[in-house]
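# Sequence plus predicted model, see below.
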Amino acid sequence: MCDSPVRVVLDTNVFVAAYWAPNSASAMLIQACIDGAARAAYTREARREVEHILRQIRLPERYFDYLEQYWSAAELVAARRVDDIPVDDPDDRKFLEAAAGANADFLATNDDHLLSVGYVGRTEILSPGSLAKILNLQRQM
């Protein structure tokens, strides 16, 4: 890989998993984006969904405060339509469009519907665990 950090888009389920499993690959990815080891990108639509779902499942305000570091470090990008890519769940399309708009290296998700797509443009769709291995992230114990 090149010297600049890889560009990543994280699906909603990565944020949920990171809360429930603070030592998980999902949590490591969020922290890597905060620390600058990876460069996160998002669209307004993607952020809106993440925050809506996290509030819907009633996560504590301190988690939202923590995620402000993520949003501050991440880049807001414009979505790029990817109507040619079939998806089983239309709600998943916003993350494909965020990845395309960011020209991201990776989209991290635990969603089998998205994982089965494989790629959107040049963006590889991987599980958080697979991406954490590629980025050589280590668990903080």
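Right, received. Where do you want to start? Numbers count the residues shown, from 1 in each chain.
# Can you report how many residues lie near residue 7?
As a burial measure, residue 7 scores 19 neighbours (other Cβ atoms under 10 Å). For glycine as for every other residue, the C-beta is placed from the backbone atoms N, C-alpha and C.
# residues contacting the closest residue to it other than its chain neighbours?
In space, residue 7 comes closest to residue 104 once its chain neighbours are excluded; the distance is 4.4 Å by Cβ to Cβ, 6 or more residues apart in numbering. For residue 104, the contact set (Cβ atoms under 8 Å, 6 or more residues apart in numbering) comprises 7, 8, 9, 41, 98, 123.
# my guess is residue 104 is in a helix, correct?
No - read with DSSP: H, G, I helix; E, B strand; the rest coil, residue 104 is coil and lies in no helix.
# now the contacts of residue 104 in JSON lines, with pLDDT and distance to residue 110?
Shown next, in JSON lines, are the contacts of residue 104 (pLDDT from 0 to 100; distance: Cβ to Cβ, whole Å):
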{"residue": "7", "pLDDT": "97", "distance to residue 110": "20"}
{"residue": "8", "pLDDT": "98", "distance to residue 110": "14"}
{"residue": "9", "pLDDT": "98", "distance to residue 110": "14"}
{"residue": "41", "pLDDT": "98", "distance to residue 110": "19"}
{"residue": "98", "pLDDT": "97", "distance to residue 110": "16"}
{"residue": "123", "pLDDT": "96", "distance to residue 110": "17"}
